[in-house]
Structure formats: C-alpha cells, structure tokens
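Student: Return a 3D structure for these sequence lines:
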Amino acid sequence: MKHLVFARSPGVRRGTFEERSLLPVSAACIVANAMRERLTTLCGRCVDLRLWPPAVPCASAWETILRGAQLHVIRGSLCDAAFVLRPFDAQALATLLFGERPCEHAERALSPLESEITRRAIAAVAVTLAPVCGEGTVEPRSSRTSFVTYFELHVLEPAPLCIGIALSREPPQTSAAAILPEHVTRASVTASVEIALAPARAADVAELRRGDILPALLERAVMRVNGHRCAVGRCGVRAPRYAFEVSDRA
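Tutor: Prediction:
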C-alpha cells in the first residue's frame with residue numbers, strides 16, 4: 001500500500017508516496033521470537049537475532065534478494081511463504097547445526113549431508129511462520145514464486161547469518177467495527193453508593209465496636225459504577241425502600 005511521507009528537511013517539506021507493507025511489525029516479532037526459540041533448541045546454544053521489519057521490495061530488489069538463493073516454500077492457509085537462504089547463509093546455517101562456527105571463506109555448494117540437515121531444520125522451524133501465512137506444508141522449489149512482502153531475521157550469535165522470509169501477498173486491509181451506544185447499553189455494570197459520615201475523633205474511631213452507630217450525612221452521597229464516580233446526590237427512603245436521588249453528574 002502507498003503511504004504519504006514527507007522528507008526530513010527544514011521549511012516546506014516535499015511529500016511523496018512510498019510503498020509500505022501492511023504486515024504488522026508485531027506479527028513479524030512473533031515469528032522472530034518463535035524462530036529464536038526453535039533455533040536455540042536445534043543448535044543447543046542460545047541464539048540472538050534481530051528483526052529487519054516488513055517491506056515491499058521493488059522488482060530490482062527482488063532480483064537481488066532471490067539471486068542464487070534457496071527457496072523453501074510453505075503453502076499456507078492464508079498465503080504462500082518462503083524461507084530465503086542465500087548461499088553463504090545456507091552454508092552458515094548448516095555449519096551451525098553441526099555445532100561449528102562458519103569459516104570466513106568463499107561460498108561453496110552444500111554437501112548432500114548438509115543439504116539434508118538444512119532441509120530438516122527448515123521443516124522444524126516452518127511452524128514459526130503460522131502467524132503470517134497460516135498452517136501449511138514445506139516444499140523446496142527452485143522456481144521463483146511471485147512474492148510481495150519481505151522481512152529478514154539476522155542471527156548475531158552464535159554465528160552471523162540471515163534468514164529471509166517472503167510472503168506471496170499482503171494481509172487484507174480491515175477496519176475495526178465502530179462501537180455504537182446501542183452495543184453497550186445492555187451491558188451489566190456494578191453500581192454502588194458511598195455515604196459520607198459525620199466528622200469523628202480519631203480516638204472514637206479507634207474504639208469502634210460491633211453494633212456502634214455512626215451518624216451519616218445523607219446529603220453527601222456519591223454513586224460509582226464499576227468503581228468510577230458518575231453522580232452525586234443524597235440518600236433516603238422512598239416507598240419504602242432505600243433510594244438515591246441524583247443531584248448532579250460527577
């Protein structure tokens with residue numbers, strides 16, 4: 001979706017429309033937290049990662065993101081999603097799963113054993129994408145599926161690597177239904193009335209016993225609804241029940 005943004009400059013600022021993702025950052029944070037816990041379990045070491053927030057890359061950016069990358073697509077109930085692993089990141093993930101630290105050397109193709117352990121790891125963490133794509137199944141694909149939204153999980157420790165997550169469509173734009181007065185007029189509330197007592201000495205209050213009678217100021221009563229003050233008035237008796245007469249809204 002296009003959002004109106006303004007340049008950060010003094011004076012009159014120029015406005016432009018910028019493409020931004022509708023995917024809530026909170027949903028991506030849920031994915032990131034679940035991924036951190038899953039990777040910690042798989043690696044046997046504490047994983048520290050950072051979230052690169054959702055964005056809508058342009059066509060040229062998608063070319064760069066997907067160039068040479070492994071795509072592990074999840075056919076979700078809400079949309080399709082994919083784990084995007086570029087060559088170095090796939091190698092780093094495989095090395096990390098074997099309990100080693102990636103070496104600083106040129107990228108290489110994964111061995112059959114590394115490919116298999118990576119595939120199993122992706123299958124194990126696929127459930128973390130449920131908040132953004134729904135429940136689904138993983139299927140490795142070499143062809144490029146059409147994607148719209150993209151965000152990244154940058155692992156810092158125990159080894160640096162990046163796991164990209166691409167979504168085939170934006171979440172639907174919905175607006176919350178308005179709450180009208182008629183929606184709440186039948187709700188049950190707890191109402192109470194507080195009556196002020198006449199001034200008393202501290203010594204007399206300290207010596208109160210069961211059955212003692214204290215004078216009340218019936219003209220100074222306060223009505224509260226669910227603990228919130230809403231009216232003031234006076235208390236008395238009317239035919240032949242105790243009653244509260246409203247003098248003013250609080």
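Student: Could you say which helix or strand holds T64?
Tutor: Per DSSP states H and E, T64 falls inside helix 59-66.
Student: Helix or strand next in line after that helix, which one?
Tutor: strand 70-76.
Student: CA atoms only for the helix holding T64, dumped as CSV, please.
Tutor: Taking Å, rounded to 0.1, in the frame of the first residue of the first chain, the C-alpha atoms of helix 59-66 are listed here in CSV:
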residue,chain,number,x,y,z
ALA,A,59,11.3,-5.6,-8.8
SER,A,60,15.1,-4.9,-8.9
ALA,A,61,15.3,-5.5,-5.2
TRP,A,62,13.6,-8.9,-5.6
GLU,A,63,16.1,-9.8,-8.2
THR,A,64,18.9,-9.1,-5.7
ILE,A,65,17.2,-10.9,-2.8
LEU,A,66,16.4,-14.1,-4.8
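Student: Could you pull up the residues touching the nearest residue to F147 once chain neighbours are set aside?
Tutor: With Cβ to Cβ, 6 or more residues apart in numbering as the criterion, F147 has its nearest non-adjacent residue at 3.9 Å, and that residue is A166. From N, CA and C alone the C-beta is placed, and that goes for glycine too. With contact taken as Cβ atoms under 8 Å, 6 or more residues apart in numbering, A166 is in contact with I65, L71, A81, A82, V84, T145, F147, T149, Y150.
Student: Ok, A121 next?
Tutor: A121 makes contact with L42, L93, L97, according to Cβ under 8 Å, 6+ apart.
Student: closest to L23 among these?
Tutor: Nearest to L23 out of the contacts of A121 is L93 (Cβ to Cβ; 23.7 Å).
Student: Any figure for the gap between the closest one and R169?
Tutor: L93 is 27 Å from R169, where distance means Cβ to Cβ, to the nearest Å.
Student: The two: which has the busier surroundings?
Tutor: More neighbours surround L93 than the other of L93 and R169, with 28 against 16 (other Cβ atoms under 10 Å).
Student: which parts of stretch 83-92 are buried?
Tutor: Using 16 or more other Cβ atoms under 10 Å as the test for burial, stretch 83-92 gives F83, V84, L85, R86, P87, F88, D89, A90, Q91, A92.
Student: My error: substitute stretch 226-239 in the last question.
Tutor: Buried, per 16+ other Cβ under 10 Å, within stretch 226-239: A231, V232, G233, R234, C235.
Student: Which of these sits closest to L197?
Tutor: C235 (12.2 Å).
Student: for that closest one, helix, strand, or coil?
Tutor: Three-state call for C235 (DSSP: H, G, I helix; E, B strand; the rest coil): strand.
Student: P160: what's its closest spatial neighbour, skipping adjacent residues?
Tutor: A92 (7.0 Å).
Student: In a strand, the one you found, correct?
Tutor: No: assessed with three-state DSSP, A92 is helix; it does not lie in a strand.
Student: Hmm, it is touching A159, no?
Tutor: Yes: if you go by Cβ atoms under 8 Å, A92 and A159 touch, sitting 5.7 Å apart.
Student: Now the helix ranked longest in the chain: buried residues?
Tutor: Counting by DSSP state H, the longest helix found in the chain is helix 25-43. For helix 25-43, the neighbour count (16+ other Cβ under 10 Å) marks A28, V31, A32, A34, M35, R36, R38, L39, L42, C43 as buried.
Student: Next, format those as CSV and append distance to E139.
Tutor: Below are the buried residues of helix 25-43 laid out as CSV (distance: Cβ to Cβ, whole Å):
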residue, distance to E139
A28, 23
V31, 19
A32, 23
A34, 21
M35, 20
R36, 25
R38, 19
L39, 21
L42, 20
C43, 24
